[in-house]
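Asks: dropping the sequence and predicted coords here.
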Amino acid sequence: MLRRVGRGYVYEPQTAPIRINADYFHRGSGDLTAELLIQSTAPAGPTHIHHARFNLTSTTTRKALAGMLTEISEGSFAGPIDWRAILEAFCSLVLQAEHQGEPVVLIGRRNGTQVGVSYVVEELFLEHTINVLYGAPGIGKGWLATAYSVALATGSGIAGYKAKRRNVLYCDWEDDADRLEARLQQVAKGMALETPVIAYLHFHQPFASQVNSVIRHLDDGSEWAIVIDSVEAASGVSGERGTYGDRAAELFEALRLLAPADVLLIDHVSHDQVRNKKEVGRPINSIMKYAWVRQGWEVRAQSD
């Protein structure tokens, strides 16, 4: 059985206690490669079997890997495993799924479809979609995102605006767990609440390259709210990953895989927008970042 997880796949054949995870796909020169993590699911067998990059379109590579897996796993299972047949079926199913793309969905008369706007924090942040807070550095975006996290983790609301209860994952490129821990405690104290427990991940790489591991973390049946702090860092360096538009498109493609999670982005504005305080700003660089979010708030400071 093959199922999609984020940008990758998980395959568990009915003929053997095996799980194959395929992630980090790359297409070039007519070949499709991916990182394969092959594990045993047998109660008494070894968990790890093999982990390497693999060319799904090469018959020679399949044959060579099947031979190596037969040698590695000899004596580890109750009976012999037909690795050649398993790899053939796995590659065929993945290639079919990649060529087919998303299925066509007929809409217009679907029962149970919600009509209207729903909020995870009433009047402020939309539910099951992407929201953004953007503004100048040091303006308080991170503190607002922390208050958002506390409000959802406790179901308490923000400044009189009701909030729904969520598990919260804070994805951070700018600070560290200690800094967020201190902020959580300060904000919770100011809201007269016990400090909640939220999930925290520090990133060094662009979000799109890590989205599969994030999705596995969220795959527990709970409703999640995710904070991305901040967009430019999560998009990656422009020289390495194409134009600003290319980076934004890759990030938002990855963010859509998180659905139906509630996503809050933290983003910045340009130096000119910081200098010209009367200008109504938008997030820095690609205008598509603002076009692709469903709710956006500019954060500004007031003298009072």
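Replies: Noted; the coordinates are in hand. Numbering: from 1, shown residues only.
Asks: let me see the mean pLDDT of the host helix or strand of residue 150.
Replies: Using DSSP states H and E, residue 150 falls within helix 141-154. Regarding helix 141-154, the rounded mean pLDDT is 96.
Asks: which other residues reach that helix?
Replies: With contact meaning CB atoms under 8 Å, 6 or more residues apart in numbering, helix 141-154 is reached by 120-121, 125, 133-135, 156-158, 163-168, 170, 174-175, 180, 183-184, 187-188, 191, 193-198, 225, 227, 229-230, 262, 264, 266, 299. Where you see a C-beta, it was placed from the backbone N, CA and C, and this is true even at glycine.
Asks: so for that helix, what gets flagged as buried?
Replies: By neighbour count on 16 or more other CB atoms under 10 Å, the buried set for helix 141-154 is 141-142, 144-154.
Asks: just the buried residues of the contacts of helix 141-154.
Replies: 120-121, 125, 133-135, 156-158, 163-164, 166-168, 170, 180, 183-184, 187-188, 191, 195-196, 198, 225, 227, 229-230, 262, 264, 266, 299.
Asks: OK, contacts around the closest residue to residue 292 other than its chain neighbours?
Replies: Take residue 292 and drop its neighbours on the chain: the residue closest to it by CB to CB, 6 or more residues apart in numbering is residue 252, 4.8 Å away. Listed by CB under 8 Å, 6+ apart, the contact set of residue 252 reads 130, 288-289, 292.
Asks: ok, back up a step: nearest to residue 106, of the buried residues of helix 141-154?
Replies: residue 152 (34.0 Å; CB to CB).
Asks: so how far is residue 177 from the closest one?
Replies: 19 Å (CB to CB, to the nearest Å).
Asks: which stretches in the stretch 201-304 of the chain count as strands?
Replies: 224-229, 262-268, 295-299 (DSSP state E, counting those that start in this stretch).
Asks: the helix or strand following the helix holding residue 150 pairs with which strands, and in what direction?
Replies: Where DSSP H and E defines the elements, the next helix or strand beyond helix 141-154 is strand 167-172. Partner strands for strand 167-172, per DSSP bridges, with pairing direction: strand 199-202 (parallel), strand 224-229 (parallel).
Asks: which parts of the shortest one are buried?
Replies: By neighbour count, with 16+ other CB under 10 Å as the criterion, the buried positions of strand 199-202 are 200-201.
Asks: which residues are contacting it?
Replies: 167-173, 176-177, 180, 214, 217.
Asks: center of this structure, which residue is that?
Replies: residue 211 (3.7 Å; CA atoms, centre = their mean).
Asks: now do the same contact list for that one.
Replies: 6-7, 254, 257-258.
Asks: roughly how far apart are it and residue 7?
Replies: Taking CB to CB, one finds residue 211 at 6 Å from residue 7.
Asks: overlap in contacts of the two?
Replies: Contacts common to residue 211 and residue 7, judged by CB under 8 Å, 6+ apart, are 254, 257.
Asks: tell me where the stretch 151-300 of the chain has helices.
Replies: Using DSSP state H, counting those that start in this stretch, the helices found in the stretch 151-300 of the chain span residues 177-190, 211-218, 231-235, 244-256, 271-275, 288-292.
Asks: hang on, the earlier thing: and the furthest pair within the buried residues of helix 141-154?
Replies: 141 and 154 (20.7 Å).
Asks: most widely separated two among the contacts of residue 211?
Replies: Greatest spacing in these, by CB to CB: 7 and 258 (11.5 Å).
Asks: low pLDDT regions in the protein?
Replies: The chain contains residues with pLDDT under 70 at 45, 113-115, 238-241, 277-280, 304.
Asks: let's have the strands of the stretch 201-304 of the chain in a markdown table, adding distance to residue 76.
Replies: Shown next, in a markdown table, are those (distance: least, CB to CB, whole Å):
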| stretch | distance to residue 76 |
| --- | --- |
| strand 224-229 | 36 |
| strand 262-268 | 42 |
| strand 295-299 | 52 |
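Asks: quick one, which of those gets closest to residue 82.
Replies: strand 224-229 (39.1 Å).
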